[in-house]
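Engineer: dropping the sequence and predicted coords here.
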Amino acid sequence: MTSAFLHFLNCPFLASVLSDNRVSRGSDGKMERDSTVRRVRAQQNQDQNQDQKQLSDRPQQNQNGLRMRKRSPLLSLSEARTAVLLLGFVALLWGLVLLSVKQLLVGTSSVHFNASRAREHLERITGFGPRTVGSWENEELTVSYLLEQIELIQSESANRPHRITLDVQRPSGSFSIDFLGGFTSVYDRVTNIAVRLEPRAQEAKHFMLANCHFDSVANSPGASDDAVSCSVMLEVLRSLSNLSEPIKHGVIFLFNGAEENILQASHGFITQHRWAQQIRAFVNLEAAGVGGKEVVFQTGPENPWLVRAYVKAALHPFASVVGQEVFQSGVIPSDTDFRIYRDFGRIPGIDLAFIENGFIYHTKYDTPERIHTDSIQRAGENLLALLRYLLVSEELADPSAYLHGQTVFFDVLGIAAVAYPARIGSILNLAAVLATLLYLSTRSRGQGGVCYLRALAGGVCVTLLSWLVTLLTLLILALLLTLLGRSMFWYTHFYSALCVYGAAAAAKIVLVHTLAKNLYYTGLSAVDLSELFFDVGLLLWCSALVFLMLRGLCSAYVPMMMLVFPLAGKLLLRGHFRSRGASLQYSVLYLLGLAVPYVHIMFLIWVVFEIFTPILGRSGTEIPPDVVLASLVTLAAVILSSYFMHFLYLSCSTRRILAALGSVFAVTFLLVSTGFFFPYSADPSSPRPKRVFVQVQSKNEINYRLKQLLFETSCGSGFSESLLCLWSQHTSRVLHALDGSVESSDSGLWINSLDYTGMQHIAPHIPEISDAVRTRCEPALPYCGFPWFLPVKFLVKKSWYLPAPAVAPEAPLQFSLLSRHTTEWGNINMSFEARGPSHMTLYLLPVSGSSLIGWSFGDGKPSYDLSGEYFIFYSHGLQAPSWRFSLEIQPGESPDEGLISLAISAHYFSGSDRRSEPLNDLLKRFPEWSFPSSWISTYSMFRY
């Protein structure tokens, strides 16, 4: 009935499909199996094709009367040819991507940059060891070396047409930032070295800023992050100072000494330095990996002239607006000085960063020898060429005239870069959409109108179903492997993830389409189905393009390319396909039409996995990394398969393809299940360390009833109204009740894993680290009662606490209440003073009913995370005074319960206090494939 009805609607296209899928009834009244019907019809089709072949082989006459043989079109591809073509195509393009990634230098350089001398700077700076803010290595040794080299460059250029001015700034300040959930950053006497280069004949009015940072995280030499950038900047300064050509504008090189402390030094410069008002744009040099190519991963805001300058000037371009929009979405848990200059300086800029080999980023393996000299050379040549271009440009003199608009930008395998205004991109995108719709409407008119649209809708449903089934399959598989304790098996052996998740994704997509072909599309020829699913691919990419256009994203150029090139190739090959069918020549030409968008897509896929795979090794204990990786693999498989379905439906069979994919998956899954692939590696040539934080801590938790300002403390003496002093010693945790009695005390080793596997692989080496010593958050205590260095407790919720003998730092934390008074509005204002190491964190937790309505940080308005707690990060350089601050609290209805819980932690990253015997003994027991970053902390808690 349904088939007759579709014939009545003039829909033979669908009617043939449905009629061939209905169940037939035999002469005896019993239902025959559908497979039997298909075999009979297949034999009939075979006989019919044989008859057609015999007819086609008969000699024909052309219009000139010449005898000719008509050639019948090939209706399908052999399975072997299909597999070889697709595998060869993917392998060839992937080879091009890898070749472009490894090709660091392209062509000859038009600028002179000395990478060998820059490497000497790099080795000297990293030779000082880890350079945390406030350490002698950072504030004295590194600063002295940089000043020595800058003064040497200054003397060498004395007779040149450019003047160099040097200034050392040590700013103090505070600001709030919503990074990592939101916190406040306070700094005191951090170090900035600013170098100003301008024409000697007259003082420049407009300046570019080039920024790097020479500080590092604790326990890492920080070669790539960011000593290499400062080394590059030194040599770029030397090259510019020796130029004989005149320049119109100036450039300021900022070597900032407090970036790892959440962007403090850049804030001090852009908000306080006298040169800051003359800066029109900036270039920030950063790292999220070790070596390789430096990528432009964000620009702006607006000011498209900056991107165009990079495209025109950069000798070795590597840029992507896709990376910019992904980074600015907040998916990547990181931030750079770019944000400070953009938000607080209101100036546009370009952010560049090394992204390769992020597995050893912020570890002891980030050493100079892992950075190839060609990486230094390309970074130096790009920066030098860009600055030389901008220092004579008209745009830098008046950026406001070129302010508005966004730019679409990307590079082509690192050989050249493309950039055009977003408005032009919108026109191109709209043209691609209209061309696609015109093509589909033409196909619709030629295929019976409504019938074709229904078939197209059915094809879309089949494709979306295949994607959904693939995603669910891979997520279930990822969760299964996680429950089996095999999470992150791919961290060192990434190919194993391709063999498990990649093979499963490809097999599932092929299987769903094979079932659709055999069960629901038996009445259609392979040619008709291949054409239909090519149209489905066009329609889905067109939908993606429209979605990105409506969101105003410049990344819409990617689906635009995935429409234009395949559609153009298909139109050019239409006549060939009609006359020759699925010939080898057609297949090769079809794939050539996909080459340009696919090689770009595969390059973006490489970038995604190069960035996100290492990040999953430091993304905390709460996010199953296999789920994330499986989702990314599904996305890659979906994108790559979109136009491969055309080949799948041309293939006469997929049994061997499915068998091969299933075999690869089964063997690899078996190996993974047995623990064959260990996540981590200590291989010196390619280490993949497990990251662990180990802190030796003492806790002092004290409650004070501050209705009275005279009381006895654990120091054993009385204090006056003006001073309440507590010496927080690294010996014990002391908790006092409101009546002053001691509740508890402890000291130990606090261990945090930065990845999902926790202590699963560490416990066999250190049996004491077991579930018996797992910690639990104490919600009544600020920040769970532990000395968090950064506000990441929502990412790392599993930690372990081993009791250990208390250790007293030589320079213990001193904390004092200076004053307390009631304001005319009935609020309580308290002032405090703290003196301690270079890094301290303050945690505030108002008592229920009380409110923290003001403080002396930032703009005076407290910022807090979702749980109502306040996190204040503090650091200082050398010879800094005591840290003084004030709080204003609005009391609740029950002031007898107190106003606020206040905790302060001291972190000892440098000097003799950073180590202890219990800590050293524990570190020796960690396996060589782990990287335990360690220091000593104290935690002191007060209730007021």
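Structural biologist: Good, I have the coordinates. Residues are numbered from 1 along each chain as shown.

Engineer: and for residue 138, the neighbour number?
Structural biologist: 29 (other C-beta atoms under 10 Å). No exception for glycine: its C-beta is placed from N, CA and C like everyone else's.

Engineer: roughly how far apart are it and residue 596?
Structural biologist: Going from residue 138 to residue 596 by C-beta to C-beta, to the nearest Å gives 48 Å.

Engineer: outline the domain layout of the chain.
Structural biologist: As given by the TED database, the domain ranges for the chain are 79-100+439-674, 115-169+191-405, 690-701+719-943.

Engineer: give me the helix or strand of the chain that scores worst on average pLDDT.
Structural biologist: In the chain, no helix or strand scores lower on mean pLDDT, DSSP states H and E than strand 724-728, which sits at a mean of 30.

Engineer: roughly how far does the closest residue to residue 340 other than its chain neighbours sit from residue 187?
Structural biologist: Closest residue in space to residue 340, ignoring its immediate chain neighbours: residue 266 at 4.4 Å, by C-beta to C-beta, 6 or more residues apart in numbering. To residue 187, residue 266 is 11 Å away according to C-beta to C-beta.

Engineer: tell me the secondary structure for residue 790?
Structural biologist: Under DSSP: H, G, I helix; E, B strand; the rest coil, the three-state class of residue 790 is coil.

Engineer: roughly how far apart are it and residue 692?
Structural biologist: According to C-beta to C-beta, residue 790 and residue 692 sit 16 Å apart.

Engineer: over to residue 334?
Structural biologist: Using C-beta to C-beta, we find residue 334 at a distance of 20 Å from residue 692.

Engineer: and the helices in the stretch 151-300 of the chain?
Structural biologist: 228-241, 264-272 (DSSP state H, counting those that start in this stretch).

Engineer: could I get those as JSON lines with mean neighbour count?
Structural biologist: Listed next are the helices of the stretch 151-300 of the chain as JSON lines, based on neighbours: other C-beta atoms under 10 Å:
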{"stretch": "helix 228-241", "mean neighbour count": "26"}
{"stretch": "helix 264-272", "mean neighbour count": "25"}
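
Engineer: residue 344 against residue 264, yeah?
Structural biologist: No. Using C-beta atoms under 8 Å, residue 344 makes no contact with residue 264, being 11.7 Å away.

Engineer: okay if I get the domains of the chain as TSV plus distance to residue 411?
Structural biologist: TSV is the format used below for the domains of the chain (distance: least, C-beta to C-beta, whole Å):
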stretch	distance to residue 411
domain 79-100+439-674	9
domain 115-169+191-405	5
domain 690-701+719-943	32
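
Engineer: max-length helix in this structure?
Structural biologist: helix 450-483 (DSSP state H).

Engineer: list the buried residues for that one?
Structural biologist: Using 16 or more other C-beta atoms under 10 Å as the test for burial, helix 450-483 gives 451-452, 454-456, 458-460, 462-463, 466-467, 470-471, 473-475, 477-478, 481-482.

Engineer: of all the helices of the stretch 151-300 of the chain, which one is nearest residue 354?
Structural biologist: helix 228-241 (7.7 Å; C-beta to C-beta).

Engineer: for the closest one, packing partners?
Structural biologist: helix 115-126, helix 143-156, strand 162-169, strand 192-199, strand 207-213, strand 250-256, strand 279-287, helix 373-390 (3 or more C-beta pairs under 8 Å, 6 or more residues apart in numbering; DSSP states H and E).

Engineer: gap between the most centrally placed residue in the chain and residue 288?
Structural biologist: Centroid check for the chain by C-alpha atoms, centre = their mean gives residue 332 as the closest residue, at 3.7 Å. From residue 332 across to residue 288, the span is 8 Å (C-beta to C-beta).

Engineer: still on that earlier bit, ok, residue 790 and residue 692, which is more surrounded?
Structural biologist: Set residue 790 next to residue 692 and count neighbours by other C-beta under 10 Å: residue 692 wins out with 22 against 15.

Engineer: so how many other residues sit close to residue 862?
Structural biologist: 20.

Engineer: check contacts around residue 482.
Structural biologist: Residues counted as contacts of residue 482 (C-beta atoms under 8 Å, 6 or more residues apart in numbering) are 624, 626, 627, 756.

Engineer: element containing the third one?
Structural biologist: Secondary-structure assignment from DSSP states H and E places residue 627 in helix 625-641.

Engineer: average model confidence for that helix?
Structural biologist: Mean pLDDT, helix 625-641: 97.

Engineer: now the helix or strand just after that helix, how far from the centre of its chain.
Structural biologist: Following helix 625-641 in sequence order, the next helix or strand is helix 645-650 (DSSP H and E). Centroid separation for helix 645-650 versus its chain: 34 Å, with C-alpha atoms, centre = their mean, to the nearest Å.

Engineer: if we can go back for a sec, between the contacts of residue 482, which has the most around it?
Structural biologist: Of all the contacts of residue 482, residue 626 has the most neighbours under the rule other C-beta under 10 Å, reaching 25 neighbours.

Engineer: in contact with the nearest residue to residue 287 once chain neighbours are set aside, which residues?
Structural biologist: Nearest non-adjacent residue to residue 287, counting by C-beta to C-beta, 6+ apart: residue 225, 4.0 Å away. Counting by C-beta under 8 Å, 6+ apart, residue 225 touches 216, 217, 286, 287, 288, 361, 362, 366.

Engineer: pick the one among those closest to residue 783.
Structural biologist: residue 217 (20.5 Å).

Engineer: okay, the closest one and residue 258: tell me how far apart.
Structural biologist: On the measure of C-beta to C-beta, residue 217 and residue 258 end up 12 Å apart.

Engineer: between the two, who's got more neighbours?
Structural biologist: Neighbours around residue 217 and residue 258, counted as other C-beta under 10 Å, are more numerous at residue 258. The numbers are 30 against 18.

Engineer: check contacts around that one.
Structural biologist: Per C-beta under 8 Å, 6+ apart, neighbours of residue 258: 133, 187, 190, 191, 213, 215, 264, 265, 268, 875, 877.

Engineer: ok, which of the helices and strands packed on helix 228-241 comes nearest residue 823?
Structural biologist: Judged by C-beta to C-beta, the one of the helices and strands packed on helix 228-241 that comes nearest to residue 823 is strand 162-169, at 36.0 Å.
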